[in-house]
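[1] Need coordinates for the following:
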Amino acid sequence: MEQIDFQEIKQKTTKNVLFLTIRNFGIQSISTVGFFLLTILLGTGEVGLFAVVAESVGILGYFSDVGLAAALIQKKDKVTKEELQTTFVIQQLLVLISLVVIGVLYTHISQTKGYGSKEFWIFISLCFSFFVASLKTIPSVQLERNLNFRLISTIDIIENTSFYIFAVIFAFLHFGAYSYAISTFIRSILGLIIIYKFSPWPIGYSFSKTTAKGLFKYGIPFQLNSFIAVAKDRLSNLLVAGIIGRDNFGILSWAQKGPRIPLSFMDAIMRVTFPTFSRLQEHKEMLKKSLERSIYFIAFFVFPVSAGIALVAPDIINIIPKYTKWAPAILPLYFLAINAGIASVTTPLTNAFNAIGKIGLTTKFMIMWTVLTWIFYPLLSIKYGFVGTSIATLIVGCSSVFVWFSAHKVFSVNVFKVMLNPLLATSLMIIFVLIFQTLNLNIWVNMIGKVLIGIIAYSLFHVIFSKSEVRWFIDQIACVRNKK
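    Alright, predicted model coming up:
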């Protein structure tokens, strides 16, 4: 078994978390501006088209490695060349089968729905992106096991930036929905070249039955949750798209974009903490402290940013000419923002369950969420359209309290206590912003004032009531700076 250096793990984890936090602010700024420009240049139907096709092809990702990558990351011992090559062989076979299946399905659906060249090229570009992503799996595994998230993040930044730069350029040149396809090709190729440049591995086609059996032992239960997630998220979204139509699904996609911005911070933390929790799984007290820190600082950032986005969204729509087409998305945005806060606390817990091998427990929760999703999504979408979908999302999210109770049993973590201060600070921020809004000032003054008052109120609360956490955070930044 690999020897564990707690100080090294702590330093690497802290450094990577801080780095990814800064990196995500940058990458989300690029993503938000890019998406914002696209939603000005493109119509609701074109945005909805890309969202529908992306959801369809995204389903393939869950079938691409049957959890073998996660098994390699979670593995306590050193990963061997045989395990890497066996994983690669199995994954490529699954990718090939998946592409053939979805190709046949697309041919049938395109004939039924009367799809044209726009749908075809977006579909092809996303399939290509899926194939390229499978080629990047092993280099990514190596980087994650070494906790080298700086390089992973750099690649993500380059991919994301290139996608939006080229998408906006071609949309401006009136390529319409084709802009998505062109930028997807460019992003995929750039990412593949860079990751193999800096994280090469001994590519080969060997297969070990014993090795595969060992990896499947963890990978299959892990991937079972992913298969359930397909039904819960991707397939349910396609069902909703079929119910409410492409234009309304485009509006729903716009509403989902804002709350997903702070959640990307959570995704970065999850990417770091999964291998970290895996290496600490035999050391319960340290694992508990790491989990509490993760939950607190995810809530610290996600809660106020989600609330802030919901509060300023109406101003943004009113400021920009010809942007009122997205006004119907404001109400669902409120429900989705609340759900984002709930998800930000819940996801670290399921991530920790998986990291210590309690896949069965996560599976039970995934089944619960899937059943609730397939009950409430169609019912409320049929009755209330995209607003009903957002309400259903919040209803399903509220069931996460069962995960919080389980975390208390498994890790002795009191989730309500950990997230209390960020929740109170965010509530105070919302109250002050709503009071300021009643002044009915100039729209620019109103929006800027909301942002400033929100930041001041939230910051003052933590300076007064969360001194120890703020001091710890500052100490970690200082520690990382001194290590450079």
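[2] what ranges do the helices span in the stretch 101-250 of the chain?
    Secondary structure of the stretch 101-250 of the chain (DSSP state H, counting those that start in this stretch): helices at 117-135, 137-145, 149-172, 178-198, 209-229, 235-244, 246-279.
[3] Nearest to Val47, out of those?
    Set against Val47 and scored by C-beta to C-beta, those come closest in helix 246-279, at 4.0 Å. Just so you know, the C-beta spots here come from the backbone N, C-alpha and C atoms, and that holds for glycine as well.
[4] show me what contacts the closest residue in space to Phe198 that isn't next to it in sequence?
    Nearest-residue entry for Phe198: Leu151, 5.7 Å, with adjacent residues in sequence omitted and distances by C-beta to C-beta, 6 or more residues apart in numbering. For Leu151, the contacting residues are 143, 198-199, by C-beta atoms under 8 Å, 6 or more residues apart in numbering.
[5] swap in Trp444?
    Ile319.
[6] Name the helix or strand for it, please.
    Take DSSP states H and E as the rule and Trp444 turns out to sit in helix 443-465.
[7] Please save the CA atoms from that helix in PDB.
    This file holds the C-alpha atoms of helix 443-465, laid out as PDB (Å, rounded to 0.1, in the frame of the first residue of the first chain):
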ATOM      1  CA  ILE A 443     -31.400  50.700 -13.400                       C
ATOM      2  CA  TRP A 444     -27.600  50.900 -13.500                       C
ATOM      3  CA  VAL A 445     -27.400  52.300 -10.000                       C
ATOM      4  CA  ASN A 446     -29.800  49.700  -8.800                       C
ATOM      5  CA  MET A 447     -27.800  46.800 -10.200                       C
ATOM      6  CA  ILE A 448     -24.400  48.100  -9.000                       C
ATOM      7  CA  GLY A 449     -25.800  49.000  -5.600                       C
ATOM      8  CA  LYS A 450     -27.200  45.500  -5.200                       C
ATOM      9  CA  VAL A 451     -23.800  43.900  -5.900                       C
ATOM     10  CA  LEU A 452     -22.000  46.300  -3.500                       C
ATOM     11  CA  ILE A 453     -24.600  46.000  -0.700                       C
ATOM     12  CA  GLY A 454     -24.700  42.200  -1.000                       C
ATOM     13  CA  ILE A 455     -20.900  41.900  -0.800                       C
ATOM     14  CA  ILE A 456     -20.700  44.200   2.200                       C
ATOM     15  CA  ALA A 457     -23.500  42.600   4.100                       C
ATOM     16  CA  TYR A 458     -22.200  39.100   3.500                       C
ATOM     17  CA  SER A 459     -18.600  40.000   4.300                       C
ATOM     18  CA  LEU A 460     -19.400  41.800   7.500                       C
ATOM     19  CA  PHE A 461     -21.400  38.900   8.800                       C
ATOM     20  CA  HIS A 462     -18.400  36.500   8.400                       C
ATOM     21  CA  VAL A 463     -16.000  39.000   9.800                       C
ATOM     22  CA  ILE A 464     -18.100  39.200  13.000                       C
ATOM     23  CA  PHE A 465     -19.400  35.600  13.300                       C
END
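[8] Can you list the buried residues in that helix?
    By neighbour count with 16 or more other C-beta atoms under 10 Å, helix 443-465 contains the buried residues 446-447, 449-450, 453-454, 457-458, 461-462.
[9] Dump those residues into JSON lines; add pLDDT and distance to Leu105 as well.
    Output for those, formatted as JSON lines (pLDDT from 0 to 100; distance: C-beta to C-beta, whole Å):
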{"residue": "Asn446", "pLDDT": "92", "distance to Leu105": "49"}
{"residue": "Met447", "pLDDT": "93", "distance to Leu105": "45"}
{"residue": "Gly449", "pLDDT": "95", "distance to Leu105": "51"}
{"residue": "Lys450", "pLDDT": "95", "distance to Leu105": "46"}
{"residue": "Ile453", "pLDDT": "96", "distance to Leu105": "51"}
{"residue": "Gly454", "pLDDT": "96", "distance to Leu105": "46"}
{"residue": "Ala457", "pLDDT": "96", "distance to Leu105": "51"}
{"residue": "Tyr458", "pLDDT": "95", "distance to Leu105": "47"}
{"residue": "Phe461", "pLDDT": "94", "distance to Leu105": "52"}
{"residue": "His462", "pLDDT": "90", "distance to Leu105": "50"}
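[10] quick one on the thing from earlier: tell me which of the contacts of Leu151 is nearest to Phe376?
    The closest of the contacts of Leu151 to Phe376 turns out to be Leu143 (C-beta to C-beta; 38.9 Å).
[11] From Met419, how far off is that closest one?
    According to C-beta to C-beta, to the nearest Å, Leu143 stands 31 Å off from Met419.
[12] ditto for Ala327
    With distances taken as C-beta to C-beta, Ala327 is found 32 Å from Met419.
[13] These two: which has the busier surroundings?
    Per other C-beta atoms under 10 Å, whichever of Ala327 and Met419 has more neighbours is Met419, with 23 against 13.
[14] for the helix or strand containing that one, packing partners?
    Using DSSP H and E, Met419 sits within helix 415-437. Helix 415-437 is packed against helix 284-319, helix 330-355, helix 401-411, helix 443-465, with contacts defined by 3 or more C-beta pairs under 8 Å, 6 or more residues apart in numbering; DSSP states H and E.
[15] tally of neighbours for Pro348?
    29.
[16] With Thr438 instead?
    Using other C-beta under 10 Å, Thr438 has 7 neighbouring residues.
[17] so what's the nearest residue to Ala407 once chain neighbours are set aside up against?
    Spatially, and ignoring its direct neighbours in sequence, Ala407 is nearest to Leu349 (4.5 Å; C-beta to C-beta, 6+ apart). By C-beta under 8 Å, 6+ apart, the residues touching Leu349 are 291, 295, 403-404, 406-407, 413, 415.
[18] from those, which two are the most distant?
    The distance between the two most remote of the contacts of Leu349 (C-beta to C-beta) is 13.9 Å, for Ile295 and Ser406.
[19] Give the residue from the two that has the larger number of neighbours.
    Higher neighbour count among Ile295 and Ser406: Ile295, with 26 against 19, using other C-beta under 10 Å.
[20] hmm, back to that, quick one: distance of the helix holding Trp444 to the chain centre.
    Centre-to-centre, helix 443-465 and its host chain are 27 Å apart (C-alpha atoms, centre = their mean, to the nearest Å).
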